[in-house]
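Peer 1: Attaching a predicted model along with its sequence, questions to come.
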Amino acid sequence: MNIGVSAMASDRHGDIGSLAKKVEEVGFESIWLPEHPVIPVNHNSKYGGSPDGSIPTHMYYMPNPFIALARASGTTTTLKLGTGISLVTEHNPIDLAKEIATLDHYSSGRFLFGIGTGWFREESEVMGADFDHRWTQAREHVLAMKELWTKEKAEFHGNYVNFPPVYCNPKPSQLPHPPVLLGGNAKNVLQRVVRWGDGWMPLGVTPEDIKKARATLSELAEVAGRDPDSISITVFGQPANKDLIDQFEEAGANRVLLRLAGEDEEALLADAEEKAGAVFP
């Protein structure tokens, strides 16, 4: 079982490179950063993760996760570097493909591409996304990026992405490309994972949920002609509870992510040490 951490990095949390170094030193397998490019001043959206629907303060101060993870790669050697999650429809897929390939290249193949489409309509629209058809758009963006990552001369022709044959280098170090992990608990997420993803990243699930999902993924993969073992499950946002992590492993999860908390860099570093002590022998 791989155990990683998700971190709410911001300008008040100091150097992400220092945090990544500590996370690697205490034994975690990966570090994951979230994304919100902008927070519109005027909006009607409600955040489901807070009691009153208000947007948590930390979301206003998130750095670009790809640049932050590049910094983290420079202070570590084995730590995997993940987006948890990247709002894939809020990017130009050609530019994003190159960013990711560059990060994966310079980190020697350590990038994990956790993606989602978000809950924030006004943010999506500011960034040029089609919120009402966001998963259809996400699929097309990912398929276009896979062409750019795997083909010397890549082209793509779709409803959202359309480009003639182009060269786009460097290529990612991982072959055929960094794994694409779909976040969320949407009704059709497992079907999407099997059709065009490499793994699933659920939030707020139990070991029993994972056991059922693993069985469904195996059935869907066999029908699609895929190896069920090639599809990973990364359970997001869990407490530092070794017994619970063992239950997730038995249910079929490949990775569990613990959420680091703290008001500043010192608190995050201390939390990483405390959580490592709770989950590693």
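Peer 2: Structure received. Residues are numbered from 1 along each chain as shown.
Peer 1: Assign residue 258 to helix, strand or coil.
Peer 2: strand (DSSP: H, G, I helix; E, B strand; the rest coil).
Peer 1: For it, list the residues it contacts.
Peer 2: Contact analysis of residue 258 by Cβ atoms under 8 Å, 6 or more residues apart in numbering lists 3-6, 238-240, 275, 279. (Glycine included, C-beta is placed from N, CA and C.)
Peer 1: Now intersect those residues with the strands, please.
Peer 2: The strands, defined by DSSP state E, take in 3-6, 238 from the contacts of residue 258.
Peer 1: how about the strands in this protein?
Peer 2: Using DSSP E, strands in the chain cover 2-6, 30-33, 80-83, 86-87, 111-116, 154-157, 162-166, 180-183, 199-201, 232-238, 255-259.
Peer 1: Got a PyMOL select line for the buried ones in the contacts of residue 258?
Peer 2: Buried subset of those, written as a PyMOL selection, criterion 16 or more other Cβ atoms under 10 Å:
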select buried, resi 3+4+5+6+238+240+275+279
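Peer 1: from the contacts of residue 258, which is closest to residue 181?
Peer 2: Residue 181 lies nearest to residue 4 out of these, by Cβ to Cβ, at 11.9 Å.
Peer 1: Quick check: bridge partners of the closest one?
Peer 2: residue 257 (DSSP bridges).
Peer 1: heads up, I number from 22, so please use that
Peer 2: Sounds good: first residue 22 from here, last item residue 25.
Peer 1: Thought residue 52 was touching it, still the case?
Peer 2: Yes - contact criterion Cβ atoms under 8 Å: residue 25 and residue 52 qualify, at 6.4 Å.
Peer 1: what's the overlap in contacts for these two?
Peer 2: Taking Cβ under 8 Å, 6+ apart as the contact rule, residue 25 and residue 52 both touch 101, 103.
Peer 1: about what we covered before: any chance of the strands of the chain in JSON lines, plus distance to residue 91 and mean pLDDT?
Peer 2: Shown next, in JSON lines, are the strands of the chain (distance: least, Cβ to Cβ, whole Å; pLDDT from 0 to 100):
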{"stretch": "strand 23-27", "distance to residue 91": "18", "mean pLDDT": "98"}
{"stretch": "strand 51-54", "distance to residue 91": "11", "mean pLDDT": "98"}
{"stretch": "strand 101-104", "distance to residue 91": "8", "mean pLDDT": "98"}
{"stretch": "strand 107-108", "distance to residue 91": "14", "mean pLDDT": "98"}
{"stretch": "strand 132-137", "distance to residue 91": "10", "mean pLDDT": "98"}
{"stretch": "strand 175-178", "distance to residue 91": "23", "mean pLDDT": "98"}
{"stretch": "strand 183-187", "distance to residue 91": "23", "mean pLDDT": "98"}
{"stretch": "strand 201-204", "distance to residue 91": "19", "mean pLDDT": "98"}
{"stretch": "strand 220-222", "distance to residue 91": "21", "mean pLDDT": "98"}
{"stretch": "strand 253-259", "distance to residue 91": "21", "mean pLDDT": "97"}
{"stretch": "strand 276-280", "distance to residue 91": "20", "mean pLDDT": "98"}
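Peer 1: for the ones you listed, which one sits closest to residue 36?
Peer 2: It's strand 51-54; of these, that one is closest to residue 36 (Cβ to Cβ) at 13.0 Å.
Peer 1: what residues are up against the closest residue to residue 54 other than its chain neighbours?
Peer 2: Using Cβ to Cβ, 6 or more residues apart in numbering and skipping the chain neighbours, the partner closest in space to residue 54 is residue 86 (4.0 Å). Counting by Cβ under 8 Å, 6+ apart, residue 86 makes contact with 54-56, 104, 107.
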